[in-house]
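Enquirer: this one's structure only:
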């Protein structure tokens, strides 16, 4: 799992990671390079990428059950 932050300042992304006690990397992407590469349109957007590098799930908004199911399926 990786979180990509478009915050203008890296310190804001770092503060968020501390606040939620992130146990995963938080990448600072002020130029929106990753957002554009993966065609992210909203926040939060969850992507599940399988071992071959293919996006197998993409959904804007919070839907934890669907996300968990997609991750479980991709890890098989």
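Expert: The structure has been received and is ready for your questions. Keep in mind the model is a prediction, meaning the values are calculated, not measured. Numbers count the residues shown, from 1 in each chain.

Enquirer: going forward, measure contacts and count neighbours with C-alpha atoms only.
Expert: Will do.

Enquirer: my guess is residue 41 meets residue 58, correct?
Expert: No: using CA atoms under 8 Å, residue 41 is not in contact with residue 58; the gap is 10.5 Å.

Enquirer: the more surrounded of the two?
Expert: Taking other CA atoms under 10 Å, residue 41 and residue 58 do not tie; residue 58 has more neighbours (16 against 11).

Enquirer: nearest residue to that one in space, please, no chain neighbours.
Expert: In this structure, residue 58 finds its nearest non-sequential neighbour in residue 47, 4.6 Å apart by CA to CA, 6 or more residues apart in numbering.

Enquirer: and that neighbour, how far from residue 3?
Expert: Distance of residue 47 to residue 3, given as CA to CA, to the nearest Å: 10 Å.

Enquirer: of these two, which one has the most company?
Expert: Neighbours were counted for residue 47 and for residue 3 using other CA under 10 Å; residue 47 has more, 19 against 16.

Enquirer: per-domain residue ranges of this structure.
Expert: Following automatic domain parsing, the chain resolves into domains at 1-37, 41-76.

Enquirer: can you get me the start-to-end distance on the last one?
Expert: Start to finish, the residues bounding domain 41-76 are 28 Å apart (CA to CA).

Enquirer: distance from the chain centre to that domain, please.
Expert: 9 Å (CA atoms, centre = their mean, to the nearest Å).

Enquirer: next, the buried residues of it.
Expert: Buried residues in domain 41-76, counted by 16 or more other CA atoms under 10 Å: 45, 46, 47, 48, 49, 50, 57, 58, 59, 67, 70, 71.

Enquirer: export those residues to a markdown table and tack on pLDDT and distance to residue 16?
Expert: Formatted as a markdown table, these follow (pLDDT from 0 to 100; distance: CA to CA, whole Å):
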| residue | pLDDT | distance to residue 16 |
| --- | --- | --- |
| 45 | 83 | 16 |
| 46 | 85 | 17 |
| 47 | 88 | 20 |
| 48 | 91 | 22 |
| 49 | 89 | 24 |
| 50 | 90 | 27 |
| 57 | 92 | 25 |
| 58 | 89 | 23 |
| 59 | 87 | 21 |
| 67 | 89 | 21 |
| 70 | 92 | 25 |
| 71 | 91 | 23 |
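
Enquirer: this completes my enquiry, with thanks.
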